[in-house]
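1. Pasting a predicted model and its sequence here:
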Amino acid sequence: MNHSSLQIIETHAHIYDETYVEDRDEMLEKAFSSGVSQIWMPNCASETIEGMMALAEKYPNKCFPMMGLHPCYVKEDFEKELAIVEDWLNKYKFIAIGEIGMDLYWDKTFVKQQEEAFLYQCQLAKKHNLWIDIHSRNAFWETVNLIEKNADPNLKGIFHCFTGTLEEAQKAIELDFLLGIGGVVTFKNGGLDKILPHIDLTSIVLETDAPYLAPVPYRGKRNEPSYLSIIAQKVADLMQIPVEKVIEQSTQNALNLCQ
Ligand SMILES: [Zn+2]
């Protein structure tokens with residue numbers, strides 16, 4: 001279908017990733033001509049800043065950077081990394097703090113440091129009046145506890161790549177967060193088919209998490225923002241509403257975050 005009149009906001013894509021080195025501009029043009037009006041770029045660590053900022057400069061009003069330290073990049077030197085994050089926040093107007101959070105899937109060595117980094121960055125969000133883009137893997141309730149007990153109750157944002165239970169979805173929404181819905185929605189046994197019919201359209205935003213988590217039929221291959229229309233269509237099917245409505249409302253939800 002033709003989305004040319006629709007504006008889709010890609011709320012989470014690592015388009016600075018090295019997997020796009022051969023065809024980055026072509027890949028982005030494909031996204032823009034498929035109806036993607038903005039691409040929001042989560043940062044990972046100091047090593048990803050240069051490539052991200054280059055894209056922000058090359059595509060102003062289209063590619064918007066976030067600033068933050070990803071939990072999987074929290075190591076011994078995390079305080080040095082956080083100082084770099086803070087330095088950038090003082091000299092550039094970012095769209096959000098991200099991606100930040102807790103990841104207990106791969107390695108729990110730095111769990112304490114992950115907590116500390118997350119809380120510190122929540123404070124930075126408050127200070128700079130920004131929302132947060134949350135990465136939480138095998139750590140939903142740990143992240144929620146940190147938000148509730150230690151961070152600001154006015155903190156808003158997105159649970160990026162949400163794949164939890166209905167109870168978790170409802171908790172995130174109660175905390176005034178949006179659910180970032182991506183390619184997992186197209187996966188058999190992805191679980192989102194059981195959740196989306198019970199969720200209001202005002203609580204979701206669309207994302208790819210490119211280059212990861214490509215939707216079916218590209219599952220396992222390189223992901224890219226032009227595949228957002230596949231994700232939007234699947235959300236529409238599961239919620240039994242027209243895809244135009246999904247795009248219109250999710251774009252509005254995303255824009256509301258930035259006001
Ligand atoms: Zn990500």
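-> Structure received. If you're wondering where the values come from, they're calculated on a predicted model, not measured in any experiment.
2. quick one, what contacts F187?
-> V216, R219 (C-beta atoms under 8 Å, 6 or more residues apart in numbering). Every residue, glycine included, has its C-beta placed from N, CA and C.
3. Relative to K58, how far out is it?
-> 33 Å (C-beta to C-beta, to the nearest Å).
4. Likewise for E142?
-> 37 Å.
5. Please say which of these two ends up with more neighbours.
-> The neighbour count for E142 versus K58, taken as other C-beta atoms under 10 Å, is higher for E142 (17 against 12).
6. I'd assumed Y105 was in contact with the more buried one.
-> No. With contact defined as C-beta atoms under 8 Å, E142 does not reach Y105; the gap is 11.9 Å.
7. need the longest helix for the chain.
-> helix 111-127 (DSSP state H).
8. quick one: the strands in the stretch 51-200 of the chain?
-> Assignment of strands within the stretch 51-200 of the chain using DSSP state E, counting those that start in this stretch yields the ranges 63-65, 97-103, 132-137, 157-159, 177-181.
9. What is the helix or strand bottoming out on mean pLDDT in the chain packed up against?
-> Ranking every helix and strand in the chain by mean pLDDT, DSSP states H and E puts helix 140-150 at the bottom, with a mean of 92. Here helix 140-150 touches strand 97-103, helix 111-127, strand 132-137, helix 166-174, going by 3 or more C-beta pairs under 8 Å, 6 or more residues apart in numbering; DSSP states H and E.
10. related to what we said a few turns ago, quick one: which of the strands of the stretch 51-200 of the chain is nearest the ion?
-> Ranking the strands of the stretch 51-200 of the chain by their distance to the ion (criterion: C-beta to the ion) puts strand 97-103 first, at 5.1 Å.
11. can you tell me the average pLDDT over the closest one?
-> Averaged over strand 97-103, pLDDT sits at 97.
12. Quick one: the helices in this structure, in order.
-> 24-33, 46-58, 78-91, 111-127, 140-150, 166-174, 228-239, 243-257.
13. How about the fourth one, which residues are buried there?
-> With burial defined by 16 or more other C-beta atoms under 10 Å, the residues of helix 111-127 counted as buried are 111, 113-122, 124-125.
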